[in-house]
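>>> Quick one, structure for this:
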Amino acid sequence: MATPNSSSIITIIGGKGGLGKSVFASNLACAIQTQLKAKTCLIDSDPNSCGDLNILLNLKPTKTFSDLTSFSGNVSQSVLNSHLTKHSSGLSLLASVVDPTQSPEPESSNIGFALNTIAQSHPFIIVDQGHEWSPSLEAMLHKTHLLIFVLTPDLLTLNHSKKLLNKVLASGVPKEIIYSVVNQATPNGIKASVLSSTMKLPLLGQIPEDNATVQSSIQKGMPFVLTSRSPVAAGFTSILRQLQGGLLAKLKAFENKKPANHLKVLNSSNSSHDSNNNKLKLMIHEALIKEMDLKKDLHNTKEDPKKETELREKTKKMISQLITRMAPQLAREQRSTILEEVLAEALDLGALEKLLSDDAVTEIMVNGCDRIFVEKNGKVVLSPLTFTSNQQLRNIIERIVTPLGRRIDEKTPYVDARLKDGSRVNAVIEPLSIDGPALTIRKFAKETITPQHYLNWGSMTQPMVHFLKLCVEQGLNVVISGGTGSGKTTLLNVLSSFIPSNERIVTVEDAAELQLSQEHVVRLETRPANMEGTGAIEIRDLVRNSLRMRPDRIIVGECRDGAALDMLQAMNTGHDGSMTTVHANSPREGVSRLMTLCMMAGMDLPSQAIREQIAGAVNLFVQIGRLSDGSRKVKSITEVVGMQGETITLQEVYRFKEEGFDKNRKIVGQFQATGLIPTFIEKFERKGLKIPRTLFSNDPSTQKAGVQKAGLKKTSTQKAQVKSFKPKSLTKKAVGGSDE
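Here you go, the predicted model:
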C-alpha cells in the first residue's frame, strides 16, 4: 500500500558514519517545517543510533519508532501523537531510542503501515537512515520518493558510498529517485561535480564546511537553519528551492508511470498482463544466463552463507540493471515485483517461496508452470502465482533434489525428496507428465506439533492423549493408519515424542520427515539407484540393517511394500514400542493392508502365518482421518486382541462419532469411549501402574478424575508438554478443527 499522494518521503543515507548525516537530516526537516510552512515528521531509523537526533533537537522522547512498528492495536491519531515528540519549531520527532543503551529493531513488515499512518497528518516525512544494510532499511527504501546520498569530499566516503549504492540499486530502487548532496564541502576537497559524476548521481546541492556554526547549534540543541543566516544555512535554502521547483512532484509521478508502449507489459486484460510479464521475465532470464554462470556460482556457494549472500547481492544488482535496460519506464511497484520473482526463480524456488512462507498453505500442487493449486484450511484452490516457463520449473525441481544426492531426468523421470524444513516433495517430469513438470509438496508446520495442539484443534480428547502416552511409554507396538493427507506422519511425530529419552531410536524413511525431540536418534534414509541403475538402498535393506544397530525402538515412516514383513519381525523380536504408518481407511482395513504388504515381500508365506505375525506384533491401531470440512480427527483407537480361529480380533477403545454439521458447515461429533477395557491394562497394573477405569468412561467428571489419578510417568522429554495436559474442559463436542 503506497503512502498518500499528498505526503513526500525523503530518506537520508550515507556510506559510513561521520558524514554529518543526522545534522543534515535535522536541519533539512526544520527548514521544510519553517520555510515551507509544511508539517514535517523526522524519523530516526538508524539501527546504530545512540539518540543523536534527540541531542541535536534537545528533546527527551518517551517512545520510539520501534514501539510504533510493533504496536498491536489500531494506530489512531492520538496513538501516533503519543509516540511523537514535539520540537519548538513545530517539527515532530519519532525517535530511534529513548536512551543510548537501547538497540532499536523496527518491525520491517510494519514500516509501510507506520508511514501511511504518519502521512495522513504530515505532508513531509524525513527519514534519517543508517549505512548498514538491513530489512528495515530495504523496507524504508521501497516507500521513499527521494533518496539523498550524503557525501563528504574524500576518497574513503566515495568508496563506502559506491558499495552501498550498489546494494540499493540491487534491491530494486529506481536510480531516477536517487540524488547526492555534498556535505562539509571545502575548496581544497574533491569538487562536488566530481563526486556526483563518480557516483553517477545528480547533485541536489552542497553544504559548505562551517564547524563553528555546527558545533554551536549542537551545544544549544537548536538546528542552525532556525538561528543562523550563514552560508551553511543558505545551502539548505538552495535545496528547498529545488524541492519546491517540482523535483518531488516529478519523482512521485515517476512512481505511478506505466511502462513504455513498445514493451506492452501492461494490458487491459489480466491474462495478457500475466503473459507479457512472463515474456519480460523470460527475456531477463535469458540475459541473466548470458551475463552470469548461475549453475557454477550456486555450486561454489554451497553451504557457505557468506558466499551465498555475495551471490544474492550480485544477482540482484544484475537483474536490476537488466530491468532498467529492457524496461526503463516500468512502474516502480511492478519493477520491484519482477525483480523479486526473477531472483526467486534464479536462486531460490520461484513462486514456491511465497507459498512456503504462508502458514495457511498445507500442500502445494503444481500442474505445469502456469497452474499452481494449494490446500488452505483443508480446501484446494487455484493460486494466482505462476512460473515463467516449464524449463524454469524443471530447474527449480533439480535445485531441490540435487543437494540430496538424487536426480531427475528422462531416464528417471520421477523422484521423492524433501526441503530443508522437512517438507515432503514428489516430482514428475516429461515424458511421464504430459502437460509439463508436476510437483507436489506436503508442508510441515514450522512449530513443533504437540499433543496440546490436537486438544486445541478438537482432534483428540484429554483421556485419548493420556491413553496413547501410556501405551507408547510402556512399549506397545503402534500402527497409525489413515488415508493420503490425513496427517499420519504428523501424528507419528507426536506419538514418538512420548518415547523416553534414554532409549535408542532408529528411524527409517524414504525421505527423512520425522522430527524427533530425543537426542539418542539415528535417522536412516533410502537411496535411489545411480546412473547405471545400481546402488539403490530400499526400506527393507535399512530395516534389516537397523536390527544390527542395537535399537530399543524402530520407527518406519511408512510401510508401503515388503518392508512391512521385516517391520513385523522386528516388533516380534524384542523391539517393543516400534511404530509405523500404513494407508488404510479403518483399523480392519489396516490389518488387510499389512497382510497384502507382507505378501509383497516374496517369501511365499501362508496367510495364516502372516495373520499370526500381525496379531503377535501389533498392539494398537490409531486411525486418523481428514473429514469433509478439512479437519483432521483421530477417528478410532483400536486394540489388537489376538487370534480367534483364522480371524484377527480387534477391540475399539475410543471412536469419533459424526452427528451432522453446524451453521458453518463444520462437522459436529463426539469422541466416545466404548467402555471396553484394553486387555494390556492388567499387564501394566502388574508392573505397578495404577490405571483408573474411569479413564475409559464417557462421563466428563469421571474422565477428569481418571486423568488426574492416572499418575502417568513423565519422561524427561515430555515434562514441559505434560504440564499443559491439565484438563481445561472435557466436553464431548468437537467442532471443526485444524487441518494439521
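>>> From here on, just use CA atoms for contacts and neighbour counts.
OK.
>>> For the longest strand seen in the chain, enumerate the helices and strands it packs against.
If you go by DSSP state E, the chain has its longest strand at strand 647-661. Counting contacts by 3 or more Cα pairs under 8 Å, 6 or more residues apart in numbering; DSSP states H and E, strand 647-661 is packed against helix 607-617, strand 632-644, strand 667-673.
>>> For residue 334, which of these is the nearest?
The closest of the helices and strands packed on strand 647-661 to residue 334 is strand 632-644. By Cα to Cα, the value is 40.0 Å.
>>> pull the helix or strand with minimum mean pLDDT from the protein.
Here the helix or strand of the chain ranked lowest by mean pLDDT, DSSP states H and E is helix 719-723, holding a mean of 36.
>>> Roughly how far does residue 485 sit from residue 430?
Using Cα to Cα, to the nearest Å, one gets 25 Å for the distance from residue 485 to residue 430.
>>> Repeat that for residue 456.
Counting by Cα to Cα, the gap from residue 456 to residue 430 is 43 Å.
>>> again with residue 681
Taking Cα to Cα, one finds residue 681 at 55 Å from residue 430.
>>> Check residue 159 too.
Counting by Cα to Cα, the gap from residue 159 to residue 430 is 50 Å.
>>> wait, what's in contact with residue 319?
170, 284, 288, 339, 342, 343 (Cα atoms under 8 Å, 6 or more residues apart in numbering).
>>> can I get the CA coordinates of the one helix or strand residue 507 maps to in PDB?
Using DSSP states H and E, the element containing residue 507 is strand 505-509. Provided in PDB are the C-alpha atoms of strand 505-509 (Å, rounded to 0.1, in the frame of the first residue of the first chain):
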ATOM      1  CA  ILE A 505      15.600 -44.900  18.400                       C
ATOM      2  CA  VAL A 506      16.300 -45.700  14.700                       C
ATOM      3  CA  THR A 507      14.100 -44.100  12.100                       C
ATOM      4  CA  VAL A 508      13.800 -45.500   8.500                       C
ATOM      5  CA  GLU A 509      12.200 -43.300   5.800                       C
END
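>>> State the next helix or strand along the chain beyond it.
Downstream of strand 505-509, the first helix or strand assigned by DSSP H and E is strand 521-525.
>>> counting contacts, what elements does the next helix or strand after that next one pack onto?
Scanning forward in sequence from strand 521-525 by DSSP H and E, the next helix or strand is helix 539-546. Secondary-structure packing of helix 539-546 (3+ Cα pairs under 8 Å, 6+ apart): strand 505-509, strand 521-525, helix 563-572.
>>> and with 10 Å instead?
With contacts taken as 3 or more Cα pairs under 10 Å, 6 or more residues apart in numbering; DSSP states H and E, helix 539-546 sits against strand 505-509, strand 521-525, strand 553-556, helix 563-572.
>>> Okay, helices next: where are they in the stretch 1-150 of the chain?
Applying DSSP state H, counting those that start in this stretch to the stretch 1-150 of the chain gives helices spanning 21-35, 52-56, 65-69, 77-83, 111-119, 135-141.
>>> sorry, back to before: rebuild the helices and strands packed on helix 539-546 as TSV, extending it with distance to residue 374, mean neighbour count and mean pLDDT.
Below are the helices and strands packed on helix 539-546 laid out as TSV (distance: least, Cα to Cα, whole Å; neighbours: other Cα atoms under 10 Å; pLDDT from 0 to 100):
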stretch	distance to residue 374	mean neighbour count	mean pLDDT
strand 505-509	25	24	90
strand 521-525	28	16	89
strand 553-556	28	26	90
helix 563-572	32	22	86
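>>> a markdown table for the ones you listed, including distance to residue 407?
A markdown table is the format used below for the helices and strands packed on helix 539-546 (distance: least, Cα to Cα, whole Å):
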| stretch | distance to residue 407 |
| --- | --- |
| strand 505-509 | 18 |
| strand 521-525 | 15 |
| strand 553-556 | 24 |
| helix 563-572 | 24 |
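>>> Of those, which is nearest residue 613?
Among the helices and strands packed on helix 539-546, helix 563-572 comes nearest to residue 613, with 6.6 Å by Cα to Cα.
>>> For the helix or strand that that closest one is followed by, the averaged confidence score.
As assigned by DSSP H and E, the chain's next helix or strand after helix 563-572 is strand 579-583. Here strand 579-583 scores 92 as its mean pLDDT.
>>> relative to strand 579-583, how tilted is the following helix or strand past strand 579-583?
Next helix or strand after strand 579-583 toward the C-terminus (DSSP H and E): helix 587-599. Here helix 587-599 runs at an angle of 100 degrees relative to strand 579-583 (axes from the mean of the first three to the mean of the last three Cα atoms, to 10 degrees).
>>> how far off strand 647-661 does helix 587-599 point, in degrees?
For helix 587-599 against strand 647-661, the angle by the same axes, to 10 degrees is 130 degrees.
>>> Out of the helices and strands packed on strand 647-661, which is closest to residue 244?
For these, the distance to residue 244 is smallest for strand 632-644, at 62.2 Å, taking Cα to Cα.
>>> Would you list the strands that the closest one pairs with, along with their directions?
When pairing is defined by DSSP bridges, strand 632-644 lines up against strand 620-626 (antiparallel), strand 647-661 (antiparallel).
>>> Pick the most buried one from the ones you listed.
Highest mean neighbour count of those: strand 620-626, a mean of 25 (counted as mean count of other Cα atoms under 10 Å).
>>> next helix or strand past the helix or strand hosting residue 470?
Per DSSP H and E: residue 470 is located in helix 462-473. The helix or strand immediately downstream of helix 462-473 is strand 478-482, counting by DSSP H and E.
>>> Give me the distance between residue 450 and residue 508.
22 Å.
>>> Then residue 65?
In terms of Cα to Cα, residue 65 sits 50 Å off from residue 508.
>>> Over to residue 576?
Using Cα to Cα, residue 576 is found at 16 Å from residue 508.
>>> Centre of the chain to the longest strand of the chain, how far?
Here strand 647-661 is found 38 Å from its chain centre; the criterion is Cα atoms, centre = their mean, to the nearest Å.
>>> then it to CSV, C-alphas only?
Extracted in CSV, the C-alpha atoms of strand 647-661 (Å, rounded to 0.1, in the frame of the first residue of the first chain):
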residue,chain,number,x,y,z
THR,A,647,-9.5,-64.0,12.3
ILE,A,648,-7.5,-61.3,14.0
THR,A,649,-9.7,-59.9,16.8
LEU,A,650,-9.9,-56.1,17.2
GLN,A,651,-11.4,-54.2,20.1
GLU,A,652,-12.2,-50.5,19.7
VAL,A,653,-11.3,-48.4,22.8
TYR,A,654,-12.2,-44.9,21.6
ARG,A,655,-14.1,-43.6,18.5
PHE,A,656,-15.2,-40.4,16.9
LYS,A,657,-18.9,-40.4,16.0
GLU,A,658,-20.1,-37.8,13.5
GLU,A,659,-23.5,-36.2,14.3
GLY,A,660,-24.0,-33.6,11.5
PHE,A,661,-23.0,-30.1,10.6
